[in-house]
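Asker: Kindly return the folded structure for what I paste below:
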Amino acid sequence: MPDNEKLIRNFIEAWSRLDVDELVDFFTADGVYHNMPIEPVKGAANLKGFIGAFLANWTSTNWDVLTLVSNSDVVIAERVDHINVAGTHIDLPCCGVFEIENGKIKVWRDYFDMATFTGPLTPK
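Answerer: The predicted structure is shown next:
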């Protein structure tokens, strides 16, 4: 398996540990995380704050990789993220595009439907 694909598989697996510092360490110092429905987040300190807030109510997560392909320094991972947050289970189909630089994630763009994530969390 090419190194970049292994990096992304390791990153995806790391999410199940819900360790913000471990996740941020996968990024370059000026790395960018862009959940496409919202504004991008750039830089280690901002990534730590954003990911930490994002995970604050998560109790577990496991991501199933459906397709993972790479070309040079770009890796694309189609997945379903299974998330338990605030007592609610969510299955979130996603597609992540990762740009790799020197063995770290330089840019991560994640494409998904925000309503699929927020809908189950909205009080009825």
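Asker: ok, which stretches of the chain are helices?
Answerer: For the chain, the helices defined by DSSP state H occupy 3-14, 20-24, 44-55, 114-118.
Asker: and residue 76, which of those helices is closest to it?
Answerer: helix 3-14 (9.0 Å; CB to CB). Using the backbone N, CA and C atoms, a C-beta is placed for each residue, glycine as well.
Asker: circling back to that earlier point, tell me which of the helices of the chain sits nearest to residue 65.
Answerer: Among the helices of the chain, if distance is taken as CB to CB, the winner is helix 3-14, at 6.3 Å.
Asker: Dump the helices of the chain into CSV; add mean pLDDT as well.
Answerer: As requested, those are exported to CSV (pLDDT from 0 to 100):
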stretch, mean pLDDT
helix 3-14, 97
helix 20-24, 98
helix 44-55, 95
helix 114-118, 83
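Asker: For those, give me JSON lines that also has distance to residue 63 and mean neighbour count.
Answerer: Formatted as JSON lines, the helices of the chain follow (distance: least, CB to CB, whole Å; neighbours: other CB atoms under 10 Å):
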{"stretch": "helix 3-14", "distance to residue 63": "5", "mean neighbour count": "16"}
{"stretch": "helix 20-24", "distance to residue 63": "12", "mean neighbour count": "17"}
{"stretch": "helix 44-55", "distance to residue 63": "13", "mean neighbour count": "16"}
{"stretch": "helix 114-118", "distance to residue 63": "14", "mean neighbour count": "13"}
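Asker: Distance from the chain centre to stretch 11-20, please.
Answerer: 9 Å (CA atoms, centre = their mean, to the nearest Å).
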